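In: kindly generate the corresponding structure for this input.
(chains A and B)
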Amino acid sequence: MYSGNCRRKAGPGVAPLTGADRLPERKLLFWAGIYAAAGMLALYPAMPFKTGFTAVIAGLVTTIAFFLVNLYWSYCGYRGDLFLLPITAVLSTTGLVFLFRLEPAYGIRQFVWLLAGLAVLVLVSRLMIDFRFLSDYKYIYALAGIVALLLPIFFGKEQGGAKSWLDFGLFQLQPAEFVKILVVLFLAGFLTENKAVLTAGTRSIGWLTLPGLREWGPLAAMWGVSLLLLIFQRDLGTALIYFSTFLAMVYTATNRIFYVFTGLGLFVAGAAACFHFFGHVRTRVEIWLNPWPYIETSGYQVLQSLFAIGSGGLTGAGLGGGYPGFLPAVHTDLIFSAICEEMGLLGGTGVIILFMIFVYRGIKIALSSRDEFAALAASGFSALLGLQAFIIIAGVTKLLPLTGITLPFVSYGGSSLVANFILLGLLLNISHEAREFHET
Amino acid sequence: MVTVLFFLLRYVFLLVLCIFIFRLVKWMVGDLREVRERHPVATGSARPVPEERELPAKTAGGRLVVMESGSSESEPGDFYLIGAGVSIGRGDSNDVVIADSFASAKHAGIYLKDGQYWLEDFNSVNGTFLNQVRVEQPTVLSSGDKIGVGRIIFQFVRWGHEVGSNY
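Out: Predicted coordinates:
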């Protein structure tokens, strides 16, 4: 089935494995490379010579790095999905180009993190190729996740109203980004084991059949703990991602819409309680409903975002032609607004389409996977990534209250980037196993 | 001239994004076609098929139904289709993979010969059992037979044959 050692391609006389040479991936990466070159060259004249030169070099090295990953996988006969890496390449190139355009210092740091992310991706695809062992330690994940979330409260560093960074001197880490992956792995392991009971229920109240405390207890406890922590850390966006991913995975596992409605009910109740008890939540909701009275203060961010998106029009002002300097937190939360301003409706829709295709591939991997753990993990990872993109894009377009989370692969943020590359690696490993299973 | 070129590059960036998405979708449509050609209908390969899915009615051969599972990997009721033959064992290269420490890497095999299914033990450490009797030499299977490998017990069911009353 799989082997831990690097294997050569099938030799002469043996039928070539479909997709094992990863040709489509390479062809798509070629376009991603042209995309990077066009972006960096377009930025070049507007910059001082040295930064412009750095930007072009960064674009070139990123492209080469993605090609090297492809060539290495093709050499090893790695069978993971062929389309996820090019999608990721274009998304992270978009992020890199825009960061160089907005603030070259962030661009350079993002470039270094991107290379680190690719190295992590290769490591994950090598070392965790037999990812099934991950299902054995689900309670350790729950514990590790809680510890990782607790740490910043005591040792953390506050930035932008959220106390969720750990300072390591050389670099800072945001544990919540990595806990997302642990949450998905925990839920996948737990739901695989308790799926039957959660689906059928053990006791009935009227027409409702509910599982016993032992089955839903850990789920409720984990959810409650993470929610409390996140309220205290004031990281509302992340809480929303956790909750929606959790609901998506429970629904995937049990096929019971009842859980989704109960969850939504709980969420509405929780949101109402937060609205009453926490000042910062109330402000956010009021800004969301009507930002105009607060245009000078707290509503400034979302209104500037709307102005930026609106001024982009169909094709945008052209890369480097907009005024993203007015956007607060433009390199993280509002990067999508900057993309819309300079690439217009076409560019913004393009980014959304790329995320949709990513999720589509993820669901496809889940459907073709060998067992429930793999299927649940794959669908959980795709739901996580898709929901994160949805929540922040909905936030900057004022469909939902604006929350401070990153646009996966695009926004500035080392932890987020590396965590998303780990997620990508695990998703590819699941598809690698599924393809080997179906084709041999 | 150079200024115009750089101005155009701004939009080339957007254009290349659109081209990329176009190429991506094209490749993915090709991928879907390929899947359809490669798996036109589920054939009689040994792949666990969930119970609720309908099987093609005219599949030749038999199947192995899990009766007792020693491991969490398979559940009673899961079954594997036997086409021309299957290999059973713990190793991943087998058609029927058993995650059971009592099973050998290559444990046993079932193959079709002269219209009959034969069960053969591949010198496994803990033996293969046919109706609780250890298999010493290749033996003909009949529908309803219980095959024990490791802690798992399968029931062999042959298509078109009378199915035993205990099934």
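
In: all strands for chain B, in order.
Out: Secondary structure of chain B by DSSP state E: the strands cover B:62-68, B:79-82, B:85-89, B:96-97, B:108-113, B:116-121, B:128-130, B:133-134, B:139-140, B:146-149, B:152-158.

In: stretch B:78-86 near chain A anywhere?
Out: No: between stretch B:78-86 and chain A, judged by CB under 8 Å from any CB of the partner chain, nothing touches; the nearest distance is 10.9 Å. For the C-beta atoms, the positions are set from N, CA and C on the backbone; glycine is no exception.

In: starting at the chain centroid, how far to that stretch?
Out: Per CA atoms, centre = their mean, to the nearest Å, the displacement of stretch B:78-86 from the mean C-alpha position of its chain is 8 Å.

In: what of stretch A:323-343?
Out: The gap between the average C-alpha position of stretch A:323-343 and the chain average comes to 19 Å, counting by CA atoms, centre = their mean.

In: buried sites along it?
Out: Going by neighbour count (16 or more other CB atoms under 10 Å in any protein chain shown), the buried part of stretch A:323-343 is A:324, A:326-327, A:330-343.

In: on that earlier part again, mean pLDDT and distance to A:Gly237 for the strands of chain B - can I get that in CSV?
Out: Putting the strands of chain B into CSV (pLDDT from 0 to 100; distance: least, CB to CB, whole Å) gives the following:
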stretch, mean pLDDT, distance to A:Gly237
strand B:62-68, 81, 45
strand B:79-82, 80, 46
strand B:85-89, 85, 49
strand B:96-97, 82, 42
strand B:108-113, 84, 55
strand B:116-121, 84, 59
strand B:128-130, 87, 57
strand B:133-134, 84, 62
strand B:139-140, 85, 64
strand B:146-149, 86, 51
strand B:152-158, 84, 47
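
In: around chain B, pick out the residues from the stretch 151-300 of chain A.
Out: Neighbours of chain B within the stretch 151-300 of chain A, by CB under 8 Å from any CB: A:Glu193.

In: so which strand or helix has the residue in the stretch 151-300 of chain A positioned nearest to chain B?
Out: Proximity of the stretch 151-300 of chain A to chain B (CB to the nearest CB) peaks at A:Glu193, 7.9 Å away. Element membership of A:Glu193, judged by DSSP states H and E, is helix A:175-200.

In: grab the nearest non-local neighbour of A:Gly322.
Out: For A:Gly322, the nearest residue in space outside its immediate sequence neighbours is A:Glu341; the separation is 4.0 Å by CB to CB, 6 or more residues apart in numbering or on different chains.

In: give me the element the one you found is part of.
Out: Per DSSP H and E, A:Glu341 falls inside helix A:335-368.

In: same question, A:Leu123
Out: helix A:104-127.

In: and after that helix, which helix or strand comes next?
Out: On the C-terminal side of helix A:104-127, the closest following helix or strand by DSSP H and E is helix A:138-155.

In: in that following helix, which residues are buried?
Out: Of the residues in helix A:138-155, those buried under the neighbour-count criterion (16+ other CB under 10 Å) are A:Lys138, A:Tyr141, A:Ala142, A:Ala144, A:Gly145, A:Ile146, A:Ala148, A:Leu149, A:Leu150, A:Pro152.

In: just say helix, strand or coil for the residue in the stretch 301-440 of chain A positioned nearest to chain B.
Out: Here the residue of the stretch 301-440 of chain A nearest chain B is A:Gly318; by CB to the nearest CB that distance is 3.4 Å. What DSSP: H, G, I helix; E, B strand; the rest coil gives for A:Gly318 is coil.

In: that one: how many residues sit nearby?
Out: A total of 20 residues lie near A:Gly318 under the criterion other CB atoms under 10 Å in any protein chain shown.

In: mind checking how far it is from A:Gly279?
Out: For A:Gly318, the distance to A:Gly279 equals 41 Å [CB to CB, to the nearest Å].

In: how about A:Ile430?
Out: Going from A:Ile430 to A:Gly279 by CB to CB gives 43 Å.

In: higher neighbour count, these two?
Out: When A:Ile430 is set against A:Gly279 and neighbours are counted by other CB under 10 Å, the residue ahead is A:Ile430, at 27 against 7.

In: what about the one helix or strand that one maps to, average pLDDT?
Out: For A:Ile430, the host element (DSSP H and E) is helix A:414-439. Averaging the model's pLDDT scores along helix A:414-439 yields 89.
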